[in-house]
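sequence first, predicted coordinates after that:
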Amino acid sequence: MTLAGRVFTLGEMLMLAALIVATLALLGLVLAWRNAGRRATEAEESRRRAAEADARMSEILKAQSEMHGRMASMAEIFGSRQSELNQAINQRFDSMSSRIGQSMTEQQKSTHEHLARLQERLAVIDKAQTNIQQLAGDVVQLQSILSNKQTRGAFGQGRMEAIIADGLPMDAYSFQATLSNGNRPDCVIHMPNDAPGLVIDAKFPLEAWNAIREAADDAQLNEAAKRFRRDMDVHIKAISEKYLIAGETQDTAFLFVPSESIFADIHEHHEAIIQRAHRARVVIVSPSLLMLSIQVVQALLKDARMREQAHLIQAEVLRLMEDVTRLDDRVRKLQTHFGQAQKDIDDILVSSGKVTRRGQKIEAMDFDTERAAAAKADADKGVEGKAADSRTGQLRLRVVDQEDEQGR
């Protein structure tokens with residue numbers, strides 16, 4: 001064969017064909033190996049999910065067996081209590097028979113008291129048995145609720161309403177409110193400052209989710225997963241079309257999932273659903289996330305009310321500042337009065353000191369006068385003694401005057 005001016009022999013063409021066949025065979029082997037690895041991975045994942053489902057079922061069976069064991073232990077406790085009660089009654093009857101010789105009136109009174117106590121204890125036992133029966137009925141009712149689609153929807157809506165009613169005031173939300181397009185969402189939260197309301201939907205499709213959990217093989221599991229994704233896509237689209245109204249509701253709506261485990265599993269194994277909801281402006285929330293969102297809304301409502309009352313707060317602050325200024329003026333006046341009083345006290349102390357020193361001086365002068373009179377009365381003293389006494393008195397007067405000047 002001649003191609004582009006080059007001659008190809010039969011051997012070269014056979015070698016080229018063999019090379020192409022070997023390449024295709026190698027690609028086939030690679031693709032087969034990859035498909036085998038993918039199938040092994042999928043089989044391992046399905047086995048792991050089946051093991052988890054078996055573990056969860058064993059935990060449920062274990063919890064049920066523990067509940068039966070507790071009920072049996074409670075029945076045994078009640079039986080032992082009843083036997084103890086019968087024994088106590090027999091003891092009381094024996095004691096009553098031993099005291100027959102006593103007064104009939106006292107005996108009848110005691111009998112009535114014991115019978116009343118017995119009736120009370122029997123009433124307590126009957127009440128306990130009624131509570132046990134009621135608990136068993138509640139368990140059966142819960143199972144029936146979880147097995148019915150409508151009752152499951154009511155259960156999720158009840159959880160959502162309880163969370164919202166506990167976190168917000170009554171005028172901040174509305175259940176089953178009618179929008180302008182005639183649709184009625186499960187809840188509408190009224191945002192502050194006349195902002196559009198926030199819509200919450202609680203109709204999570206649990207049928208397909210339960211089908212995923214109850215799948216027995218890979219085919220059922222894949223079919224249930226497809227059904228769950230399809231139901232979620234339809235429900236998210238319905239929320240986006242019915243409840244997102246421009247100017248009336250927020251740009252984002254909440255899809256409430258009544259279980260934390262379901263919420264975690266959706267985020268872990270169904271990322272496509274999360275992305276679909278994000279594009280449709282629908283946020284999937286669990287009970288804890290809804291509670292956190294309600295707390296944020298509550299803070300916004302509180303901030304809006306504070307802003308509404310800002311002028312009142314400002315007026316009160318102005319009045320408070322006037323009172324503080326008035327208090328400061330009065331304190332300064334009181335400080336002035338205290339300073340004047342302190343000055344007056346200092347002047348009084350100076351005057352009292354002067355009076356004291358004057359008294360001391362007068363006392364010293366009286367003392368010298370008495371000594372001079374005594375010297376005159378002494379006829380035996382001479383002129384020299386009189387002169388010495390006079391000099392002594394003058395010296396004491398000078399000392400007193402010096403002390404007075406130092407005090408001043």
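Nice, I can see it.

going by C-alpha atoms from here, please, whenever you check contacts or count neighbours.
Noted.

ranges for the helices of the stretch 101-250 of the chain?
104-147, 149-167, 206-213, 218-243 (DSSP state H, counting those that start in this stretch).

among these, which is nearest residue 292?
Closest approach to residue 292 among the helices of the stretch 101-250 of the chain (C-alpha to C-alpha): helix 149-167, 9.6 Å.

one step back: for residue 262, which of the helices of the stretch 101-250 of the chain is the nearest?
Proximity to residue 262 (C-alpha to C-alpha) singles out helix 206-213 among these, at 8.5 Å.

so where is the stretch 151-300 of the chain shaky, pLDDT-wise?
151-155 (pLDDT under 70).

how many neighbours does residue 253 have?
24 (other C-alpha atoms under 10 Å).

so which elements touch the one helix or strand residue 306 maps to?
Residue 306 is part of helix 287-308, with elements assigned from DSSP states H and E. Judged by 3 or more C-alpha pairs under 8 Å, 6 or more residues apart in numbering; DSSP states H and E, helix 287-308 is in contact with helix 149-167.

on that earlier part again, would you turn the helices of the stretch 101-250 of the chain into JSON lines with distance to residue 84?
Formatted as JSON lines, the helices of the stretch 101-250 of the chain follow (distance: least, C-alpha to C-alpha, whole Å):
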{"stretch": "helix 104-147", "distance to residue 84": "12"}
{"stretch": "helix 149-167", "distance to residue 84": "43"}
{"stretch": "helix 206-213", "distance to residue 84": "48"}
{"stretch": "helix 218-243", "distance to residue 84": "56"}
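
those: which one's closest to residue 281?
Closest approach to residue 281 among the helices of the stretch 101-250 of the chain (C-alpha to C-alpha): helix 218-243, 7.1 Å.

helix or strand right after that closest one?
For helix 218-243, the following helix or strand on the C-terminal side (DSSP H and E) is strand 253-256.

for that following strand, name the packing helices and strands.
strand 198-201, helix 218-243, strand 282-285.

coming back round to it: reformat the helices of the stretch 101-250 of the chain as JSON lines; add mean neighbour count and distance to residue 16.
Formatted as JSON lines, the entries for the helices of the stretch 101-250 of the chain read as follows, by neighbours: other C-alpha atoms under 10 Å; distance: least, C-alpha to C-alpha, whole Å:
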{"stretch": "helix 104-147", "mean neighbour count": "13", "distance to residue 16": "67"}
{"stretch": "helix 149-167", "mean neighbour count": "17", "distance to residue 16": "66"}
{"stretch": "helix 206-213", "mean neighbour count": "18", "distance to residue 16": "53"}
{"stretch": "helix 218-243", "mean neighbour count": "17", "distance to residue 16": "45"}
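
so which of those helices gets nearest residue 59?
Closest approach to residue 59 among the helices of the stretch 101-250 of the chain (C-alpha to C-alpha): helix 206-213, 14.2 Å.

any idea of the angle that closest one forms with helix 218-243?
If you take axes from the mean of the first three to the mean of the last three C-alpha atoms, to 10 degrees, helix 206-213 sits at 160 degrees to helix 218-243.

just say helix, strand or coil for residue 46.
helix (DSSP: H, G, I helix; E, B strand; the rest coil).

quick check: it vs residue 14, distance?
47 Å (C-alpha to C-alpha, to the nearest Å).

who has more neighbours out of those two?
Using other C-alpha under 10 Å, the more surrounded residue of residue 46 and residue 14 is residue 46, with 16 against 11.

grab the nearest non-local neighbour of the more buried one.
The shortest distance from residue 46 to any non-neighbouring residue, by C-alpha to C-alpha, 6 or more residues apart in numbering, is to residue 218 (6.5 Å).

quickly list the domain ranges of the protein.
As assigned by automatic domain parsing, the chain contains the domains 10-97+105-144, 148-308, 313-407.

so which of the helices and strands packed on strand 253-256 is nearest residue 340?
Nearest to residue 340, of all these, is strand 198-201, at 69.5 Å by C-alpha to C-alpha.

pLDDT below threshold where in the stretch 1-150 of the chain?
1, 3-5, 97-105, 107, 135-150.

and whichever strand or helix holds residue 322, what does it pack against?
Using DSSP H and E, the element containing residue 322 is helix 310-377. Counting contacts by 3+ C-alpha pairs under 8 Å, 6+ apart, helix 310-377 is packed against helix 383-407.

ok, which of the helices of the stretch 101-250 of the chain comes nearest residue 56?
Nearest of those to residue 56, taken as C-alpha to C-alpha: helix 206-213 at 9.8 Å.

one step back: how about the helices of the stretch 101-250 of the chain, which one is nearest residue 361?
Closest approach to residue 361 among the helices of the stretch 101-250 of the chain (C-alpha to C-alpha): helix 149-167, 89.2 Å.

distance between the helix or strand residue 86 falls within and the chain's centre?
Using DSSP H and E, residue 86 sits within helix 10-98. Distance of helix 10-98 from its chain centroid, counting by C-alpha atoms, centre = their mean, to the nearest Å, is 36 Å.

how about stretch 325-335?
On C-alpha atoms, centre = their mean, the centre of stretch 325-335 falls 46 Å from the chain's centre.

mean confidence (pLDDT) on it, please.
For stretch 325-335, the mean per-residue pLDDT is 83.

restrict it to CA atoms and write it as PDB.
C-alpha atoms of stretch 325-335 as PDB (Å, rounded to 0.1, in the frame of the first residue of the first chain):
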ATOM      1  CA  THR A 325     -26.200  68.400  87.600                       C
ATOM      2  CA  ARG A 326     -28.500  69.500  90.300                       C
ATOM      3  CA  LEU A 327     -27.000  67.000  92.700                       C
ATOM      4  CA  ASP A 328     -23.500  68.300  91.800                       C
ATOM      5  CA  ASP A 329     -24.600  71.900  92.600                       C
ATOM      6  CA  ARG A 330     -26.000  70.900  95.900                       C
ATOM      7  CA  VAL A 331     -22.900  68.900  96.800                       C
ATOM      8  CA  ARG A 332     -20.700  72.000  96.000                       C
ATOM      9  CA  LYS A 333     -22.900  74.200  98.200                       C
ATOM     10  CA  LEU A 334     -22.700  71.600 101.000                       C
ATOM     11  CA  GLN A 335     -18.900  71.600 100.600                       C
END
